[in-house]
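Colleague: sharing a sequence plus its predicted fold:
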Amino acid sequence: MKTLTTIRIYSLLIIGVIFMATYGCEKKENSTIPITDIDGNVYHSVTIGNQTWMVENLKTTRYNDGSAIPLIADSAAWVNIIYSSTPGYCWYKNNAANYKNTYGAIYNWYAINTGKLAPIGWHIPSDAEWTILTAFLGGDSLAGKKMKEAGTSHWKVFNTGDNISGFSALPGGMRPYDGSFVGIGEIGYWWSVTAYDSGSAWVRNLDGGTTMVTRNNYGKTLGCSIRCIKD
């Protein structure tokens, strides 16, 4: 009987070691080292593998040199970006009071292409850096579960997320070509700095009801969320 008990104890210890090796190394929270952008917005960070990511979406209204990012609230003006390639940002449904603090701002890709959007010491992730993140978390088919904030406080549809990585992804929606707003509470979209061709760039999106991270190329005039990664 004593031998059987000992075996059970050893078995539990082995399971515990395997669990810690599998999940314990996936994140290291750095919440005691806040990051401040040029507007004074404060962000926190998490280290996942060899990368350190911001835990919140970017919400600055100015570039890191102090100059203003064009606010493009009007729908017709947003549509005209396709002709002008004007950098710009907005808030979901043009309502900063309701959406800024939780979901951050929505930026078109041309704002990223200025090279001045991220706080000093940080940058907009490349397509390859997104791939490194999702590969570390088990690949595109599984990483979404580990990246999404758990529960339905912000994900308004069935949510598979357990946020074991600490990435805390939220469904901030996006602004399509026509200047409307879609997807809040259901899907999150994040730009990469990497262009696909002259008119589009690589994006990652997370859907509440799946465990996947989806990689797509979208037109540069779309408005998506941004997460920054440490230099």
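Modeller: Looks like it arrived, so ask away. Source: prediction; values computed, not measured. Numbers count the residues shown, from 1 in each chain.
Colleague: quick check: closest non-adjacent residue to residue 111.
Modeller: Leaving out its chain neighbours, the residue that sits closest to residue 111 by CB to CB, 6 or more residues apart in numbering is residue 87, at 4.0 Å. Heads up, the C-betas are built off the backbone N, CA and C, glycines and all.
Colleague: now the strands for this protein?
Modeller: For the chain, the strands defined by DSSP state E cover 28-29, 35-36, 42-43, 45-48, 51-54, 89-90, 106-107, 122-123, 172-174, 182-184, 187-195, 200-207, 213-219, 229-230.
Colleague: just checking, what packs against the last one?
Modeller: It refers to strand 229-230. If you count contacts as 3 or more CB pairs under 8 Å, 6 or more residues apart in numbering; DSSP states H and E, strand 229-230 packs onto strand 51-54, strand 122-123.
Colleague: mind running it again at 10 Å?
Modeller: On a contact count with 3 or more CB pairs under 10 Å, 6 or more residues apart in numbering; DSSP states H and E, strand 229-230 meets strand 45-48, strand 51-54, strand 122-123, helix 127-136.
Colleague: direction included, what does the shortest one pair up with?
Modeller: So the one you mean is strand 122-123. Strand pairing for strand 122-123, using DSSP bridges, gives strand 229-230 (antiparallel).
Colleague: avg pLDDT for the strand it pairs with?
Modeller: Regarding strand 229-230, the rounded mean pLDDT is 98.
Colleague: for residue 163, find the nearest of the helices and strands packed on strand 229-230.
Modeller: Residue 163 lies closest to strand 45-48 among the helices and strands packed on strand 229-230, at 10.0 Å (CB to CB).
Colleague: one step back: got CSV for the helices and strands packed on strand 229-230, with mean pLDDT, distance to residue 110 and mean neighbour count too?
Modeller: Formatted as CSV, the helices and strands packed on strand 229-230 follow (pLDDT from 0 to 100; distance: least, CB to CB, whole Å; neighbours: other CB atoms under 10 Å):
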stretch, mean pLDDT, distance to residue 110, mean neighbour count
strand 45-48, 97, 26, 20
strand 51-54, 98, 21, 20
strand 122-123, 98, 16, 20
helix 127-136, 98, 17, 18
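Colleague: save those as CSV, and put in distance to residue 193 too.
Modeller: As requested, the helices and strands packed on strand 229-230 are arranged in CSV below (distance: least, CB to CB, whole Å):
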stretch, distance to residue 193
strand 45-48, 19
strand 51-54, 14
strand 122-123, 7
helix 127-136, 8
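Colleague: nearest to residue 186, out of these?
Modeller: Closest among those, using CB to CB: helix 127-136, at 20.2 Å.
Colleague: I'd like the distance from that closest one to the chain centre, please.
Modeller: Distance of helix 127-136 from its chain centroid, counting by CA atoms, centre = their mean, to the nearest Å, is 12 Å.
Colleague: residue 78 contacts residue 108, correct?
Modeller: Yes. If you go by CB atoms under 10 Å, residue 78 and residue 108 touch, sitting 8.3 Å apart.
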